[in-house]
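Colleague: 3D model of this:
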Amino acid sequence: MPSNFDSALEQDIIRLSNEVKQRVESAPEQEISRREIVKSAIGSQILSHQPAQAVPQDPGQPSPMLPQYLQEESPEVRLKVEELVDFAFHKGIDASISEAKKYSPFILDAFHDTLTTKIYEELKSRNLL
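Modeller: From the prediction side, this is the model:
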């Protein structure tokens, strides 16, 4: 299937797909959703990165890709989360996590939630889950 994503994200998608398959096969008796496995895997990556210095945020207009709880946040917060997700789709998950660590824990968590949804949808659309 052709892709619009950077090769780093393509590798991340394949790695996440394999991780989900391994976790499902290793513990089929557990009732954990594939979405939760993707969220956990991305969360583990976030935790493995060292925090960096905070930098100022830019204002902007949000898109509908954000979770419901972000719809009432400031334009600056919504834009930053969107930029970080876009960064992931161009530079890969590891690079975007390093970048997300420069911001507040709230933005990092919102980025995690939004990226999980987008990656999960992509894995499903490719029949990798």
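Colleague: CA only for contacts and neighbour counts going forward, please
Modeller: Noted.
Colleague: Report the mean per-residue pLDDT for the helix or strand containing residue 114.
Modeller: Using DSSP states H and E, the secondary-structure element containing residue 114 is helix 105-125. On average, the pLDDT along helix 105-125 is 91.
Colleague: Go ahead and name everything in contact with that helix.
Modeller: Helix 105-125 is touched from outside by 13, 17, 35, 38-39, 42-43, 65-67, 70, 77, 80-82, 84-85, 100-101, 129, with contacts defined as Cα atoms under 8 Å, 6 or more residues apart in numbering.
Colleague: Let me know the helix or strand that residue 94 is in.
Modeller: helix 93-100.
Colleague: Can you select the buried ones from the contacts of helix 105-125 in PyMOL?
Modeller: A single PyMOL command selects the buried members of the contacts of helix 105-125 (16 or more other Cα atoms under 10 Å):
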select buried, resi 13+17+35+38+39+42+43+65+66+70+77+80+81+82+84+85+100+101+129
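Colleague: so the helix holding residue 114 versus helix 93-100, what angle?
Modeller: Counting by axes from the mean of the first three to the mean of the last three Cα atoms, to 10 degrees, helix 105-125 points 160 degrees away from the direction of helix 93-100.
Colleague: got a list of contacts for the lowest-mean-pLDDT helix or strand in the chain?
Modeller: Considering only helices and strands, the least confidently modelled element of the chain by mean pLDDT, DSSP states H and E is helix 34-48, at a mean of 80. Outside of helix 34-48, the residues that reach it under the criterion Cα under 8 Å, 6+ apart are 16, 19-20, 23-24, 93-94, 97-98, 101, 112-113, 116-117, 119-120, 129.
Colleague: hmm, which of those residues are the buried ones?
Modeller: When the contacts of helix 34-48 are checked against 16+ other Cα under 10 Å, the ones flagged as buried are 16, 20, 24, 93-94, 97-98, 101, 112-113, 116-117, 119-120, 129.
Colleague: which two from those residues end up farthest apart in space?
Modeller: Checked with Cα to Cα, the buried ones among the contacts of helix 34-48 reach their widest spread between 24 and 101, with 29.3 Å between them.
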